[in-house]
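S.K.: what follows is a predicted structure for the sequence shown.
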Amino acid sequence: MKRLATLLAALLVAPLASAQTPTQTISADITSNTTWSSNEVYLLDGLIFVRPGATLTIEAGTVIKGKEVPSAATGDLASGLVVMVNADIEANGEADNPIIFTAEADNVAIADDTDENDRGLWGGVVILGRSTTNSTPGINNVEGIPASDDTRFGCDNTVSGFECDEEDDSGHLRYVSVRHAGFGFETDSEINGITFGAVGSGTEVEYVEVFANSDDAFEFFGGTVRAKYLIGAFNGDDTFDTDRGFRGAFQFGFSINNPGNDAGRCFENDGGVSSLGGEDATPFAQPIYSNITCIGAGEDATDSELGEDENSAALQLRDNTGGKIYNSIFADYPGSAVNLEALGSGEDTENRFGRNQESDDLTIRNNYFFGFDAGTTFAALTDDDSDNSATRQAEIESDLAAANSIADPMIVAYGSREQDGSLDPRLAFGSAAASAADFGFDALDDDFFTEVDFIGAFGPTSNGFPFWAAGWSALDTMGYLNGDVTVANEDDARAVAFGLRAFPNPAAGSATVAVSLERAQDVRVTLLDVLGREVAVVREGALAAGTTELALPTADLPSGTYLVRLAGEAGARTQTIQVVR
């Protein structure tokens with residue numbers, strides 16, 4: 001498969017930074033305003049702290065690597081970047097020129113020299129702010145790195161420099177990919193891909209990916225930061241982990257897991273910490289999610305492949321958490337959909353889970369659940385490890401069934417977790433989820449949320465919404481995503497793509513290719529084998545603007561991988577299609 005991935009990389013993506021040998025080693029903390037240039041490759045030697053009052057600016061296209069074994073002079077066990085309270089990071093990549101944090105051994109110009117199983121090769125990125133948490137005391141040390149005065153986060157209005165600010169601004173993360181991180185200092189204390197400690201809503205986070213981290217992709221300890229366009233791929237633990245009274249929001253997020261992880265849940269929402277104020281501490285955790293697509297480790301994954309927690313639940317909700325989850329898709333998990341654990345005590349246990357879509361603390365509505373080994377009803381898909389009575393448990397299951405769908409959302413192709421160019425998490429043509437989104441909930445009445453028609457992270461290309469994972473993510477540049485990799489046009493986010501999509505994929509019989517053109521032009525659509533030899537000419541000549549569906553002659557082909565290629569006046573696009581028998 002890696003040979004195919006290399007071929008696809010050559011066909012589909014422009015090369016990234018060619019200089020892969022580090023040209024600057026960073027072994028000292030950043031104490032004044034500093035810019036890292038895209039003309040250099042930086043090697044972090046140990047834990048590098050951006051200290052209060054300093055701003056680290058990282059140019060688009062910059063590659064930053066973490067030294068796998070820091071030099072003895074640093075005294076650190078792992079390499080990583082820590083942005084302290086009252087420091088800033090300005091990491092503004094671009095859709096076709098991302099900022100990449102990765103392992104020392106990773107050559108990002110070679111698509112397949114690392115893969116989804118290369119985890120824990122360096123530390124990660126930590127950003128600390130002074131928004132509120134529900135922990136006591138209000139200032140704590142972030143997990144994952146040795147505690148010191150430099151690792152404090154949170155707020156206390158009596159402590160200078162840590163005054164509470166819900167709109168605290170730690171800078172910008174845009175088009176940033178963090179790969180192969182998650183070194184563990186000790187058992188159960190690995191560094192997350194990106195850790196947000198009490199980060200405030202003034203911080204901008206969008207188009208950010210964590211790929212192949214050994215622990216969680218994104219962890220949020222309190223705070224109010226809001227984020228869009230997030231990817232967590234093949235990480236060792238949860239994708240979205242919230243705790244300690246987190247009250248931020250997310251829209252457009254994609255999670256995919258593979259066997260062999262410790263947990264692999266999409267959400268782990270916790271409320272408070274029993275040793276730091278208790279599970280009833282305020283402010284209550286209240287994350288808001290909309291338009292998330294979560295793909296598990298595989299419905300048929302076995303216990304021996306799934307790690308200590310057996311990758312079971314898509315949603316782990318515990319420790320008196322609240323939260324609102326709307327317009328999202330959860331599919332291909334080997335266990336249950338929702339696990340309720342320790343949602344409170346006494347009366348609070350009975351009422352924490354919301355029945356009213358407008359006001360209740362914990363609300364799950366207008367979502368699709370599909371492909372769970374635990375079953376096909378919410379009675380089978382809901383585990384209750386809390387103190388809920390049998391009556392209340394039945395009510396919760398009834399509420400979930402009334403407000404959500406157990407149905408196939410018709411994702412194009414989500415079974416592949418290898419570098420074979422066939423993963424496509426978008427909605428197929430004809431999907432009911434393409435027009436089923438509901439933004440009438442009070443929690444979504446906020447300028448942060450972009451109102452779209454579709455459920456999940458990605459709409460079908462026929463509605464013009466861009467495939468926002470394309471062009472900058474490891475999923476794309478390392479050969480996991482399919483060949484229709486049109487980069488989003490930021491000046492017109494709804495521009496119609498020049499592209500194609502072959503479906504169903506895999507194809508057991510006949511198949512179709514949909515060609516999308518922003519203007520009429522002459523095209524040539526061909527079917528090739530993996531060596532580039534032409535198998536069939538599907539269409540040659542003029543084709544109208546818009547989307548045209550053409551028959552692919554796959555019914556009589558032997559099993560294997562093929563390429564569908566569109567060439568026209570506007571360029572060329574290629575996609576793989578698997579033929580199975």
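M.R.: The structure has been received and is ready for your questions.

S.K.: from here on, just use CA atoms for contacts and neighbour counts.
M.R.: Fine.

S.K.: okay, how far is it across stretch 411-420, tip to tip?
M.R.: Taking C-alpha to C-alpha, to the nearest Å, the first and last residues of stretch 411-420 lie 17 Å apart.

S.K.: would you pull up how far it lies from the middle of the chain?
M.R.: Relative to its parent chain, stretch 411-420 has a centroid offset of 15 Å by C-alpha atoms, centre = their mean, to the nearest Å.

S.K.: which residues of the stretch 101-250 of the chain fall in strands?
M.R.: Counting by DSSP state E, counting those that start in this stretch, one finds strands in the stretch 101-250 of the chain at the ranges 125-128, 139-141, 152-154, 171-179, 194-197, 204-211, 218-221, 226-233, 240-243, 249-256.

S.K.: now Gln24. Nearest residue, chain neighbours left out?
M.R.: Leaving out its chain neighbours, the residue that sits closest to Gln24 by C-alpha to C-alpha, 6 or more residues apart in numbering is Tyr42, at 5.0 Å.

S.K.: who does the helix or strand that contains the one you found touch, helix- and strand-wise?
M.R.: Assigned by DSSP states H and E, Tyr42 belongs to strand 41-44. Helices and strands touching strand 41-44, by 3 or more C-alpha pairs under 8 Å, 6 or more residues apart in numbering; DSSP states H and E, are strand 24-26, strand 63-66.

S.K.: who are the packing partners of the following helix or strand past it?
M.R.: Heading C-terminal from strand 41-44, the first helix or strand you meet, by DSSP H and E, is strand 47-50. The contact analysis (3+ C-alpha pairs under 8 Å, 6+ apart) places strand 47-50 against strand 80-83.

S.K.: how close does the residue nearest to the spatial centre of the chain get to Phe252?
M.R.: The centroid of the chain falls nearest to Ile231 when counting by C-alpha atoms, centre = their mean (1.9 Å). Distance of Ile231 to Phe252, computed by C-alpha to C-alpha: 9 Å.

S.K.: now do Gly171
M.R.: From Gly171 to Phe252 the distance is 21 Å (C-alpha to C-alpha).

S.K.: between these two, which one's more packed in?
M.R.: For Gly171 versus Phe252, neighbours defined as other C-alpha atoms under 10 Å are more numerous around Phe252 (25 against 22).

S.K.: please verify my assumption that the more buried one contacts Gly456.
M.R.: Yes: applying C-alpha atoms under 8 Å as the test, Phe252 and Gly456 come out as touching, 7.3 Å apart.

S.K.: what is Phe240 paired to in the beta sheet?
M.R.: Phe218, Phe267 (DSSP bridges).

S.K.: could you report the pLDDT at it?
M.R.: Predicted confidence (pLDDT) for Phe240: 97.

S.K.: pretty sure it sits against Glu219.
M.R.: Yes: look at Phe240 against Glu219 with C-alpha under 8 Å: they come within range, at 6.2 Å.

S.K.: where do the strands sit along the stretch 451-581 of the chain?
M.R.: Using DSSP E, counting those that start in this stretch, strands in the stretch 451-581 of the chain cover 499-503, 511-517, 521-529, 534-543, 546-552, 560-568, 571-579.

S.K.: turn the helices and strands packed on strand 41-44 into CSV, including mean neighbour count.
M.R.: Converted to CSV, these look like this (neighbours: other C-alpha atoms under 10 Å):
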stretch, mean neighbour count
strand 24-26, 15
strand 63-66, 29
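
S.K.: counting contacts, what elements does the lengthiest helix in the chain pack onto?
M.R.: If you go by DSSP state H, the chain has its longest helix at helix 390-403. Helices and strands touching helix 390-403, as assessed by 3+ C-alpha pairs under 8 Å, 6+ apart, comprise strand 362-365, helix 378-381.

S.K.: worst-scoring helix or strand of the chain, pLDDT-wise?
M.R.: None of the helices or strands of the chain scores lower by mean pLDDT, DSSP states H and E than helix 2-12, at a mean of 39.

S.K.: how long is stretch 202-215 end to end?
M.R.: So stretch 202-215: terminal residues 26 Å apart, C-alpha to C-alpha.

S.K.: now do that stretch: distance to the chain's middle.
M.R.: 7 Å.

S.K.: show the average pLDDT along that stretch.
M.R.: 97.

S.K.: so, low pLDDT: which residues of the stretch 301-450 of the chain?
M.R.: 302-312, 342-360, 387 (pLDDT under 70).

S.K.: ok, Asn33 - contacts?
M.R.: 54-57 (C-alpha atoms under 8 Å, 6 or more residues apart in numbering).

S.K.: need the per-residue pLDDT for it.
M.R.: At Asn33, pLDDT is 98.

S.K.: with Pro558 instead?
M.R.: Pro558 carries a pLDDT score of 90 in this model.

S.K.: next one: the one 3 residues further on
M.R.: Among the per-residue scores, Thr561 holds a pLDDT of 79.

S.K.: and for the nearest residue to it once chain neighbours are set aside, the neighbour number?
M.R.: Leaving aside its chain neighbours, Thr561 sits nearest to Gln578 (4.7 Å; criterion: C-alpha to C-alpha, 6+ apart). By other C-alpha under 10 Å, the residues close to Gln578 number 20.

S.K.: need the contact list for Gln578.
M.R.: 422, 505-507, 559-562.

S.K.: just flag the most distant two among these.
M.R.: Greatest spacing in these, by C-alpha to C-alpha: Ser422 and Ser559 (14.8 Å).

S.K.: give me the number of residues near the residue lying closest to Asp168 once chain neighbours are set aside?
M.R.: Leaving aside its chain neighbours, Asp168 sits nearest to Gly200 (4.2 Å; criterion: C-alpha to C-alpha, 6+ apart). For Gly200, the count of nearby residues is 29 (other C-alpha under 10 Å).

S.K.: now do the same end-to-end measure for stretch 564-574.
M.R.: End-to-end for stretch 564-574, by C-alpha to C-alpha: 6 Å.
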